[in-house]
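Chemist: sharing a sequence plus its predicted fold:
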Amino acid sequence: GAGVSQSPSNKVTEKGKDVELRCDPISGHTALYWYRQSLGQGLEFLIYFQGNSAPDKSGLPSDRFSAERTGGSVSTLTIQRTQQEDSAVYLCASSTQGGVYEQYFGPGTRLTVT
Amino acid sequence: KQEVTQIPAALSVPEGENLVLNCSFTDSAIYNLQWFRQDPGKGLTSLLLIQSSQREQTSGRLNASLDKSSGRSTLYIAASQPGDSATYLCAVISGNTGKLIFGQGTTLQVKP
């Protein structure tokens, strides 16, 4: 079946602009995760959704970052007033349920802030 | 705070060699440990998942072991091939939300 998909695959934006990144999880997966991969920090957790609610937002680096999930499916990660340090690959993953279940990752969105 | 460390950071071996990648974690109270592969410019591919109650998992030429008490896991790759060249990441889940905590990865190059 279809895996996790993300769009766009690449995004170049100017400092100060807002961006939206999209994730389509595997159909039927109730848990969805966002991670960020940057050269200096490695792979870091951002936020976890179970259904449409986000019980763990502890990884969001600042209030410029927000995310939502609708219909228990698609999720959007929004970064407002982008900064150069936001440049990274943003990865989305889903699993059948939260907790200990295997996570399946999408190809990522490479964000470059100029 | 859980921390995950992978050694070595990079490894280069000739084709055909057996090799071991190491992963250590500071808090033994984990739910599971997952090994991933990442090719340049790509997402993560799950290789093996070991539940906290398990000692090892095998898939083809890959074998992963887990020793919770010592906070260690190893990924064994048998008869390495050039197609195994990639970055290998180890990650643990230690909270009930399932968030993964990653090591920095080991970049493997298998030379023909």
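Modeler: Arrived safely, thanks for sending.

Chemist: before we move on, what SS does the residue nearest the centre of chain A have?
Modeler: Against the mean C-alpha coordinate of chain A, by Cα atoms, centre = their mean, the closest residue is residue A:34 at 3.4 Å. What DSSP: H, G, I helix; E, B strand; the rest coil gives for residue A:34 is strand.

Chemist: what does the helix or strand hosting residue B:110 rub up against?
Modeler: Assigned by DSSP states H and E, residue B:110 belongs to strand B:106-111. Residues outside strand B:106-111 that contact it (Cβ atoms under 8 Å, 6 or more residues apart in numbering or on different chains): B:6-15, B:17, B:19, B:21-22, B:77, B:80-88. Quick note: C-beta positions are derived from backbone N, CA and C, even for glycine.

Chemist: centre of chain B to the edge, which residue is at the far end?
Modeler: residue B:112 (22.8 Å).

Chemist: surely it meets residue B:13?
Modeler: No. Contact criterion Cβ atoms under 8 Å: residue B:112 and residue B:13 do not qualify, at 11.3 Å.

Chemist: all strands for chain B, in order.
Modeler: Along chain B, the segments classed as strands by DSSP state E run B:4-7, B:10-14, B:19-25, B:32-38, B:44-51, B:56-59, B:62-67, B:72-77, B:86-93, B:100-102, B:106-111.

Chemist: name the residues of the second one that are buried.
Modeler: With burial defined by 16 or more other Cβ atoms under 10 Å in any protein chain shown, the residues of strand B:10-14 counted as buried are B:11, B:13.

Chemist: for the fifth one, same thing?
Modeler: Taking 16+ other Cβ under 10 Å as the basis for neighbour counts, the residues of strand B:44-51 that come out buried are B:44, B:46-50.

Chemist: in CSV: the residues you listed, plus distance to chain A.
Modeler: Below are the buried residues of strand B:44-51 laid out as CSV (distance: Cβ to the nearest Cβ, whole Å):
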residue, distance to chain A
B:44, 4
B:46, 6
B:47, 11
B:48, 10
B:49, 5
B:50, 11
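
Chemist: hmm, back to that, give me the buried subset of the contacts of strand B:106-111.
Modeler: Buried, going by 16+ other Cβ under 10 Å: B:6, B:11, B:13, B:19, B:21, B:77, B:80, B:84-88, out of the contacts of strand B:106-111.
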